[in-house]
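Student: Model the following, please.
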Amino acid sequence: MSERRRLVAGVLVAGVTLGTLPLLGLPAFYESFLYLVFHWIALATSWSLLSGYAGYFSFGHGAFFGAGVYTTTTLAAAYGVPFLATLPVAAAVAALLSVGIGAVVFRMKRMRGELFGLLTLAITFVLGTIVLNTKLDGGPGVYLSNVPLPRLVASPTGTFYLLALVLAIATVAGAFLITRSRLGLGLFAIHDDEDVAEVEGVPTFAYKLIAFALSAGVAGVAGGIHAMYVSYVTVGDTFSITVPLYVVLMSVLGGARHWLGPAVGATIITTSLYTFTGGQHAVLGRAVVAFILILVILLLPAGVVPTVLARVRRARPRPASVPGGASPLRTLTRLEPAALECHDVWKAFGGIQALRGVSLAVGRGEIVGLVGPNGSGKTTLINVVSGHYALDRGRITLGATTLSERRAHAVAGLGISRTYQIPRPFAHFTALDNVAVAATFGAARRGPREARVDALEWLEFVGLGRRAAALPHELNLHERKFLELARALAARPRVILLDEVLSGLNPTEITSAIRLLHEIRARGVAILFVEHVMRAVVELCDRVVVLNEGEVIATGTPQEAMRAPRVVDVYLGKAPVVA
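Tutor: From the prediction side, this is the model:
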């Protein structure tokens with residue numbers, strides 16, 4: 001049985017077992033206590049879907065929780081809608097609210113980090129003010145004591161217990177499935193480096209909207225259930241800072257990047273609050289709990305669950321590779337090759353004109369060198385071709401397909417992959433998972449399992465098979481450079497954009513890289529090669545395009561281009577004197 005099936009079976013068995021507890025006649029106190037544990041598990045886990053996985057730290061969970069509270073309150077108390085029937089509506093209202101926010105905010109690159117957190121916090125208070133000054137609340141609050149509660153079991157507390165249990169299990173199971181899916185892989189890549197994730201083929205905008213909607217929808221259902229549980233709803237209690245602070249603390253404590261982490265954190269905190277903060281020593285108890293939590297967060301910054309799992313893995317190391325697999329170069333022949341052409345490409349940043357009418361072409365199986373002094377526009381052209389920057393004027397085509405109006409993830413899906421001048425691997429991914437991202441989202445479009453097999457083959461191809469389980473910070477510069485090359489190849493590209501992939505390498509490593517690039521070119525892949533190592537340019541390139549101040553100043557074979565008078569003038573400061 002696979003790991004996924006074992007875990008899903010375990011969650012279902014645990015759910016059925018816990019579901020029988022109300023039949024045993026537990027005291028209402030214990031049913032209420034367990035209800036709160038499951039309530040916070042659902043909220044904390046749902047928060048992590050966006051904030052933990054994608055790294056968009058949100059303080060707006062109170063807004064979606066409150067939207068669910070007042071949706072159920074309004075429908076059930078004012079319009080007589082059956083309580084259970086209000087819960088899907090509560091989820092939909094909260095999800096639509098998040099989609100409306102995300103559709104605007106996620107298009108603004110500057111709205112990340114603390115700005116996104118502050119914006120979502122402001123939305124919580126804005127929504128609370130709107131509710132307070134409308135008929136949804138009106139000021140005194142709303143009673144739900146007259147709303148009929150379905151009797152799932154004998155006691156009302158048992159009914160709330162079961163509802164929260166079902167929601168918690170569904171949320172945790174959903175989080176697990178997401179972490180094993182394309183969506184989860186894409187969200188984790190966004191967390192580490194959103195710009196690189198987009199260039200690797202991850203549809204970042206769509207994935208963030210999906211995660212935001214799922215996160216908010218669960219919070220809306222939790223709010224709807226809780227409205228009936230408290231039976232008296234007020235704006236002050238609903239739209240307070242308590243919900244966002246608690247879900248953040250619970251998720252961070254347990255491990256926001258792990259599917260089980262928020263559930264563990266929610267259980268620890270909820271249990272601690274009820275165990276140590278009762279009676280005459282409530283204030284002292286809360287202080288002790290807060291102090292313990294601070295210590296745990298300082299000592300275990302990744303969270304309880306990831307830290308424990310990391311120690312278990314270190315104690316029982318697994319092999320870094322798996323046997324078998326065909327030559328990875330075969331995968332490079334599966335896409336129809338096409339020529340890359342840039343037609344009169346212009347790009348400016350403010351008052352600086354980085355590209356001035358650049359035109360070039362790279363044909364099937366051709367290596368074209370892009371050389372020039374620092375600041376000449378080489379990396380800018382790579383960024384424009386890969387879709388990272390939108391060009392100002394001109395056109396870029398891949399065969400008959402126009403690239404210049406497409407987002408970076410769509411460009412990657414058509415067969416363009418790249419490396420970076422300074423390697424930008426995903427910091428929390430192993431070398432294997434770094435390459436698997438490209439195999440999953442690039443032109444290869446492999447399933448998660450097949451992507452990992454392909455990724456290992458490409459790591460073996462570039463000589464990093466034994467380092468598959470290593471994190472990027474454990475690799476030296478040479479290894480990180482070759483990791484980027486493996487990632488670019490795993491996308492099964494038609495064209496590879498290599499941005500100084502050989503810089504910083506010693507002569508032996510350069511020789512190895514040249515051999516690899518010859519093998520890649522032999523499969524019909526086009527290569528646009530930005531490099532300052534002239535030995536590699538001469539040995540590899542069929543043609544050279546020389547840039548200076550954003551303009552093409554020479555083209556031809558490496559020998560012809562470097563002898564052009566204008567090129568000599570740029571590099572040496574004067575034209576050669578011919579005897």
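Student: What number of residues are in the vicinity of Val385?
Tutor: 25 (other CB atoms under 10 Å). C-betas here are computed from N, CA, C, even on glycine.
Student: Next, give phi and psi for Glu51.
Tutor: Actually, residue 51 is Ser rather than Glu. Backbone torsions for Ser51, taken as degrees, to the nearest 10, come to phi -80, psi -40.
Student: now do Arg393
Tutor: Dihedral angles for Arg393 - degrees, to the nearest 10 - are phi -160, psi 150.
Student: so it touches Trp346, yeah?
Tutor: Yes: between Arg393 and Trp346 there is a contact under CB atoms under 8 Å: 4.1 Å.
Student: Where does Val552 fall, secondary structure wise?
Tutor: Using DSSP states H and E, the secondary-structure element containing Val552 is strand 551-556.
Student: Show residues contacting the following helix or strand past that strand.
Tutor: Toward the C-terminal end, the helix or strand that comes next after strand 551-556 (DSSP H and E) is helix 558-563. If you take CB atoms under 8 Å, 6 or more residues apart in numbering as the criterion, helix 558-563 is touched by 369, 371, 534, 537-538, 541, 543-546, 554-555, 567-568.
Student: Would you write a ChimeraX line that selects the buried entries of those?
Tutor: Burial among the contacts of helix 558-563 is assessed by 16 or more other CB atoms under 10 Å; the matching ChimeraX selection reads:
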select :369,371,537,541,543,544,545,546,554,555,567
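Student: could I get the contacts of helix 558-563 as JSON lines with distance to Ala310?
Tutor: As requested, those are exported to JSON lines (distance: CB to CB, whole Å):
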{"residue": "Gly369", "distance to Ala310": "44"}
{"residue": "Val371", "distance to Ala310": "44"}
{"residue": "Met534", "distance to Ala310": "45"}
{"residue": "Val537", "distance to Ala310": "43"}
{"residue": "Val538", "distance to Ala310": "47"}
{"residue": "Cys541", "distance to Ala310": "45"}
{"residue": "Arg543", "distance to Ala310": "49"}
{"residue": "Val544", "distance to Ala310": "48"}
{"residue": "Val545", "distance to Ala310": "47"}
{"residue": "Val546", "distance to Ala310": "49"}
{"residue": "Ala554", "distance to Ala310": "53"}
{"residue": "Thr555", "distance to Ala310": "52"}
{"residue": "Val567", "distance to Ala310": "53"}
{"residue": "Val568", "distance to Ala310": "56"}
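Student: Which ones among the contacts of helix 558-563 map onto strands?
Tutor: Mapping the contacts of helix 558-563 onto strands (DSSP state E) picks out Gly369, Val371, Arg543, Val544, Val545, Val546, Ala554, Thr555.
Student: Take these and write them to a markdown table, including pLDDT and distance to Arg480.
Tutor: What follows is those, written out as a markdown table (pLDDT from 0 to 100; distance: CB to CB, whole Å):
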| residue | pLDDT | distance to Arg480 |
| --- | --- | --- |
| Gly369 | 94 | 23 |
| Val371 | 92 | 23 |
| Arg543 | 94 | 29 |
| Val544 | 94 | 27 |
| Val545 | 94 | 27 |
| Val546 | 93 | 28 |
| Ala554 | 92 | 32 |
| Thr555 | 93 | 32 |
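Student: Columns distance to Thr271 on top of those residues, output as JSON lines?
Tutor: Converted to JSON lines, the ones in strands among the contacts of helix 558-563 look like this (distance: CB to CB, whole Å):
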{"residue": "Gly369", "distance to Thr271": "63"}
{"residue": "Val371", "distance to Thr271": "64"}
{"residue": "Arg543", "distance to Thr271": "68"}
{"residue": "Val544", "distance to Thr271": "67"}
{"residue": "Val545", "distance to Thr271": "65"}
{"residue": "Val546", "distance to Thr271": "68"}
{"residue": "Ala554", "distance to Thr271": "72"}
{"residue": "Thr555", "distance to Thr271": "70"}
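Student: Buried residues, the biggest helix by length in the chain. List them.
Tutor: Longest helix in the chain, counting residues (DSSP state H): helix 204-230. Going by neighbour count (16+ other CB under 10 Å), the buried part of helix 204-230 is 204-205, 207-229.
Student: can you pull the pLDDT of Gly573?
Tutor: pLDDT recorded at Gly573 is 65.
Student: Verify the stated contact: Ala354 with Gly377.
Tutor: Yes: using CB under 8 Å, Ala354 makes contact with Gly377 at a distance of 5.0 Å.
Student: any residues in contact with both of these two?
Tutor: Shared contacts of Ala354 and Gly377, defined by CB under 8 Å, 6+ apart, comprise Lys347, Gly550.
Student: Lowest mean pLDDT among the helices and strands of the protein, which one is it?
Tutor: helix 282-299 (a mean of 72; mean pLDDT, DSSP states H and E).
Student: next helix or strand past it?
Tutor: Trace forward from helix 282-299 with DSSP H and E and the next one is helix 304-315.
Student: any idea how far Asp193 is from His388?
Tutor: From Asp193 across to His388, the span is 12 Å (CB to CB, to the nearest Å).
Student: Please apply the same query to Glu509.
Tutor: From Glu509 across to His388, the span is 27 Å (CB to CB).
Student: same question, Val435
Tutor: Between Val435 and His388 the computed distance is 20 Å (CB to CB).
Student: Who has more neighbours out of these two?
Tutor: Neighbour totals were compared for Val435 and His388, and Val435 leads with 32 against 18 (other CB under 10 Å).
Student: Help me confirm that that one is found in a strand?
Tutor: No: with DSSP: H, G, I helix; E, B strand; the rest coil as the criterion, Val435 is assigned helix and is not in a strand.
Student: In which helix or strand does the nearest residue to it once chain neighbours are set aside reside?
Tutor: Distance criterion CB to CB, 6 or more residues apart in numbering; nearest residue to Val435, sequence neighbours excluded, is Ala455 at 3.7 Å. Assessed by DSSP H and E, Ala455 sits inside helix 448-461.
Student: Counting by contacts, list what that helix packs against.
Tutor: If you count contacts as 3 or more CB pairs under 8 Å, 6 or more residues apart in numbering; DSSP states H and E, helix 448-461 packs onto helix 431-441, helix 477-490.
Student: Compare the ones you listed and give me the one nearest Arg180.
Tutor: Arg180 sits nearest to helix 431-441 of all those, at 12.1 Å, using CB to CB.
Student: Would you mark the buried spots in that closest one?
Tutor: Residues Ala431, Leu432, Asp433, Asn434, Val435, Ala436, Val437, Ala438, Ala439, Thr440, Phe441 are the ones in helix 431-441 that count as buried (16+ other CB under 10 Å).
Student: which one among those gets closest to Phe38?
Tutor: For these, the residue nearest Phe38 by CB to CB is Asp433; the value is 31.9 Å.
Student: shaky segments in the stretch 451-579 of the chain?
Tutor: Applying pLDDT under 70 to the stretch 451-579 of the chain flags residues 572-579.
Student: Contact partners for the closest residue to Glu474 other than its chain neighbours?
Tutor: Setting aside the residues directly before and after it, Glu474 is nearest to Arg467 in space (CB to CB, 6+ apart), at 7.8 Å. When contacts are counted by CB under 8 Å, 6+ apart, Arg467 touches Ala320, Ala431, Leu459, Glu474, Leu475, Glu479.
Student: what does the helix or strand where Thr511 lies rub up against?
Tutor: Using DSSP H and E, Thr511 maps to helix 507-522. Contacts of helix 507-522 from elsewhere in the structure, counted by CB under 8 Å, 6+ apart, are 329, 332, 365-367, 461-463, 478, 481-482, 485, 489, 496, 498, 501-502, 505, 527, 529, 533, 535-536, 539-540.
Student: the more surrounded of Arg393 and Trp346?
Tutor: Trp346 (16 against 13).
Student: Assign a three-state SS to that one, would you?
Tutor: strand.
Student: hang on, it packs against Gly357?
Tutor: Yes: the criterion here is CB under 8 Å, and Trp346 meets it with Gly357 at 6.1 Å.
Student: Mutual contacts of these two, please.
Tutor: With CB under 8 Å, 6+ apart, Trp346 and Gly357 have common neighbours Gly394.
Student: What is the burial count for the residue nearest to Glu457 when sequence neighbours are not counted?
Tutor: Leaving aside its sequence neighbours, Glu457 sits nearest to Pro328 (CB to CB, 6+ apart; 4.0 Å). Neighbourhood size, Pro328 [other CB under 10 Å]: 22.
Student: Brilliant, that's me finished.
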